[in-house]
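A.B. asks: Curious how this folds, go ahead:
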Amino acid sequence: MKTSKSDIRSVNISGQLPRILPSFLNKVSSHPTASIALFVVALFLVLTMQAFAADDITVLHTFTGGNDGSYPDGNVVADAAGNLYGTTQIGGLYSAGTIFKLVPASDGTWEFSVLYAFTGGEDGGNPLGSLVFDAAGNAYSTASSGGTNGLGVVFELIPPADPTQGKEWTEKVLYSFQGGSDGAVPFGNVVFDTTGDLYGTTSIGGMTHIGCPPVKGCGTIYELAPTHSGPWKERIIHRFRDAFTEGATPRAGLVFDANGNLYGTTYQGGNNDVCGGDGCGTVFELTPGAGESWKFQNLIDFNVTDGALPMGGVTVSPDGSLIGSTSFGGTENDGTIFVFKQESGVWKFATIYNFDTFDGLQPAGNLAVDKDGNIYGATYEGGVNDWGTIFRLARAPGANEWTENLLYNFVVSGTHFGANPLGGVMLDSSGNLYLTANQGGNLNFCQPNSGCGTVIKFGQQ
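C.D. replies: Numbers count the residues shown, from 1 in each chain. Predicted coordinates for the structure are as follows:
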């Protein structure tokens with residue numbers, strides 16, 4: 001599952017020194033009023049901030065690539081008791097990925113346990129998304145491979161009747177994708193509606209078209225509903241048609257707003273005149289109609305200038321706005337943060353921040369929004385060491401401009417704390433951030449000396 005770093009789902013295995021400072025020096029010196037002194041001051045501030053921020057980083061778990069798993073891609077989620085849950089893409093007892101749990105102790109430590117190890121067979125393998133829980137405490141998500149046809153599954157995890165015995169949870173496959181019109185290879189999480197049905201996306205399958213890479217269909221949006229007889233029934237509510245500017249290859253799950261509308265992103269498709277003919281991706285809305293019908297609306301085709309290739313989904317902010325990121329595009333082609341706001345019943349798009357490598361590069365996961373409207377996220381690369389960042393975007397009341405606060409720069413090679421976060425961030429009620437780093441940690445694990453990733457907590461002052 002690991003690929004070259006040109007693909008954002010990758011492991012950087014080099015132990016090189018920071019690469020970002022020369023490019024920043026070039027940018028600073030290109031301005032007539034700039035000076036080396038300005039650069040030195042900026043560098044001093046960044047390094048000072050990084051040293052201070054390191055005091056606020058806590059490593060909750062360092063993956064070893066053994067039975068505990070390796071290379072987490074998704075974000076972590078919390079239950080009502082403050083326990084954290086997540087997935088690893090590979091590793092585990094059968095090398096097909098794991099589901100893990102972290103329980104906080106009174107002394108500040110966290111107890112790690114593996115709830116389930118995928119075999120890569122009919123139970124699925126290589127989970128890339130996060131978990132969602134029902135009222136009974138059962139967890140649900142997707143695995144990108146395995147199942148009856150080897151094309152991924154939607155699964156349920158059921159906790160043991162007596163959790164004090166430490167038994168693993170029981171996995172139940174709700175649906176195995178067939179790779180035809182029903183879709184295949186789900187990357188993201190699933191989400192519940194108010195009746196208990198599940199909704200999600202597949203990255204391929206559905207409707208084939210030459211513009212959908214790979215040529216196996218452009219992806220689908222599906223609904224899974226429980227039946228009285230036991231099996232869950234899949235229904236496709238939309239098949240992406242890249243040829244008609246609807247997008248292709250969604251790599252993230254969906255989100256509901258307060259009115260029952262669904263929102264998501266596609267990594268490619270849309271306007272096929274950009275991004276090498278594959279399109280730069282889209283943001284879409286699904287509105288429930290009469291009966292079981294849904295109305296599909298494409299909200300934007302990214303064109304590089306306003307962003308390109310969104311990896312994460314969108315987040316519904318407290319004021320009802322949609323907030324998301326693109327991994328590339330923007331003024332420096334280093335990624336963007338965007339927002340949609342409703343004005344007189346019409347969605348209005350705006351790019352609110354453009355990354356410039358020095359402050360981050362390639363935001364890949366979902367964002368979090370606090371009660372004051374501040375936005376939090378992580379970038380896969382960039383920052384002073386080019387191994388990723390944690391950031392906050394803040395806006396003064398009544399102002400239209402956003403200011404980025406670079407909260408943390410991941411260290412070279414991700415030693416100890418990890419590096420290259422892919423899954424986005426989770427924000428608790430106290431303002432602490434939780435996230436996974438895709439690699440780094442203990443560089444003695446995972447070849448060649450890349451580290452297998454971490455789970456970390458960032459506590460804000």
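
A.B. asks: which residue sits closest to the residue nearest to the spatial centre of the chain, ignoring its sequence neighbours?
C.D. replies: Geometric centre of the chain, nearest residue: Gly365, 2.8 Å, by CA atoms, centre = their mean. Sequence neighbours aside, Gly424 is the residue nearest to Gly365 in space, at 2.6 Å (criterion: CB to CB, 6 or more residues apart in numbering). For the C-beta atoms, the positions are set from N, CA and C on the backbone; glycine is no exception.

A.B. asks: Distance of the residue nearest to the centre of the chain relative to Gly335?
C.D. replies: Look at Gly365 and Gly335: by CB to CB, to the nearest Å, they are 12 Å apart.

A.B. asks: Next: Phe445.
C.D. replies: According to CB to CB, Phe445 and Gly335 sit 29 Å apart.

A.B. asks: Pick out whichever of these two has more residues nearby.
C.D. replies: Taking neighbours as other CB atoms under 10 Å, Phe445 and Gly335 compare with Gly335 leading, 30 against 20.

A.B. asks: Next up, the contacts around the nearest residue to the more buried one once chain neighbours are set aside.
C.D. replies: Using CB to CB, 6+ apart and skipping residues adjacent in sequence, the residue nearest Gly335 is Phe355, 4.5 Å away. Contact analysis of Phe355 by CB atoms under 8 Å, 6 or more residues apart in numbering lists Gly330, Glu332, Asp334, Gly335, Thr336, Leu361, Gln362, Pro363, Thr379, Gly382.

A.B. asks: run the last query once more with 6 Å
C.D. replies: Under the criterion of CB atoms under 6 Å, 6 or more residues apart in numbering, the contact list for Phe355 reads Asp334, Gly335, Leu361.

A.B. asks: Please produce TSV containing the residues you listed, extended by pLDDT and secondary structure.
C.D. replies: Formatted as TSV, the contacts of Phe355 follow (pLDDT from 0 to 100; DSSP: H, G, I helix; E, B strand; the rest coil):
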residue	pLDDT	secondary structure
Asp334	97	coil
Gly335	98	coil
Leu361	96	strand
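
A.B. asks: Check those residues against Asp306 and report the nearest one.
C.D. replies: Closest to Asp306 out of those is Gly335 (11.7 Å), distances taken as CB to CB.

A.B. asks: Tell me how far that closest one lies from Gly108.
C.D. replies: For Gly335, the distance to Gly108 (CB to CB) stands at 34 Å.

A.B. asks: In the stretch 251-400 of the chain, where is pLDDT below threshold?
C.D. replies: Filtered on pLDDT under 70, the stretch 251-400 of the chain yields the residue ranges 398-399.

A.B. asks: Checking Gly276 next. Helix, strand or coil?
C.D. replies: Secondary structure assignment for Gly276 (DSSP: H, G, I helix; E, B strand; the rest coil): helix.

A.B. asks: That one and Phe133, how far apart?
C.D. replies: To Phe133, Gly276 is 40 Å away according to CB to CB.

A.B. asks: likewise Phe391?
C.D. replies: 28 Å.

A.B. asks: which of the two has more neighbours?
C.D. replies: The residue with more neighbours, out of Phe391 and Phe133, is Phe391; 25 against 17, by other CB under 10 Å.

A.B. asks: What's opposite the more buried one in the beta bridge?
C.D. replies: Beta-bridge partners for Phe391, by DSSP bridges, are Gly377, Leu406.

A.B. asks: Repeat that for Ala184.
C.D. replies: Under the criterion used here (DSSP bridges), Ala184 is bridged to Ile204.

A.B. asks: Quick one: residues contacting it.
C.D. replies: Leu151, Phe177, Thr202, Ile204, Gly205 are the contacts of Ala184 under CB under 6 Å, 6+ apart.

A.B. asks: Contact partners for the last one?
C.D. replies: Okay, so that is Gly205. Taking CB under 6 Å, 6+ apart as the test, what Gly205 contacts is Gly179, Gly183, Ala184, Gly217, Thr220.

A.B. asks: If you rank those by neighbours, which is first?
C.D. replies: Result: Gly183 is most packed of those (other CB under 10 Å), 30 neighbours.

A.B. asks: That residue and Lys216, how far apart?
C.D. replies: The value you get for Gly183 to Lys216, if CB to CB is used, is 10 Å.

A.B. asks: can you check Phe284 too?
C.D. replies: 20 Å.

A.B. asks: okay, these two: which has more neighbours?
C.D. replies: More neighbours surround Phe284 than the other of Phe284 and Lys216, with 23 against 18 (other CB under 10 Å).

A.B. asks: what are the bridge partners for the more buried one, then?
C.D. replies: Here Phe284, judged by DSSP bridges, has bridge partners Gly264, Asn298.

A.B. asks: Settle this for me: it is touching Asp301, isn't it.
C.D. replies: No: contact criterion CB atoms under 6 Å: Phe284 and Asp301 do not qualify, at 10.3 Å.

A.B. asks: coming back round to it: neighbour-wise, which of the contacts of Ala184 leads?
C.D. replies: Comparing those by number of neighbours (other CB under 10 Å), Thr202 comes first, having 31 neighbours.

A.B. asks: Just the pLDDT at that one, thanks.
C.D. replies: Listed pLDDT for Thr202 reads 97.

A.B. asks: what sits against it?
C.D. replies: Going by CB under 6 Å, 6+ apart, the list of residues near Thr202 reads Gly183, Ala184, Pro186, Gly219, Thr220.

A.B. asks: just these now: which is nearest Pro310?
C.D. replies: The nearest member of the contacts of Thr202 to Pro310, counting by CB to CB, is Gly219 at 13.5 Å.

A.B. asks: burial count for that closest one?
C.D. replies: 32.

A.B. asks: distance of it from Thr98?
C.D. replies: 26 Å.

A.B. asks: Could you do Gly230 as well?
C.D. replies: 27 Å.

A.B. asks: More neighbours: those two, which one.
C.D. replies: Neighbours of Gly230 and Thr98, each counted by other CB under 10 Å, are more numerous for Thr98; the result is 26 against 7.

A.B. asks: Does the more buried one touch Thr88 like I think?
C.D. replies: Yes: here Thr98 lies in contact with Thr88, judged by CB under 6 Å, at a distance of 4.8 Å.

A.B. asks: tell me, what's touching these two both at once?
C.D. replies: Contacts common to Thr98 and Thr88, judged by CB under 6 Å, 6+ apart, are Gly69.

A.B. asks: picking up where we left off before, out of the contacts of Thr202, which is nearest to Gly269?
C.D. replies: Among these, and counting by CB to CB, the member closest to Gly269 is Gly219, at 8.5 Å.

A.B. asks: how about that closest one, what does it touch?
C.D. replies: Contacts of Gly219 by CB under 6 Å, 6+ apart are Thr202, Ser203, Ile204, Gly206, Phe240, Thr249, Pro250.
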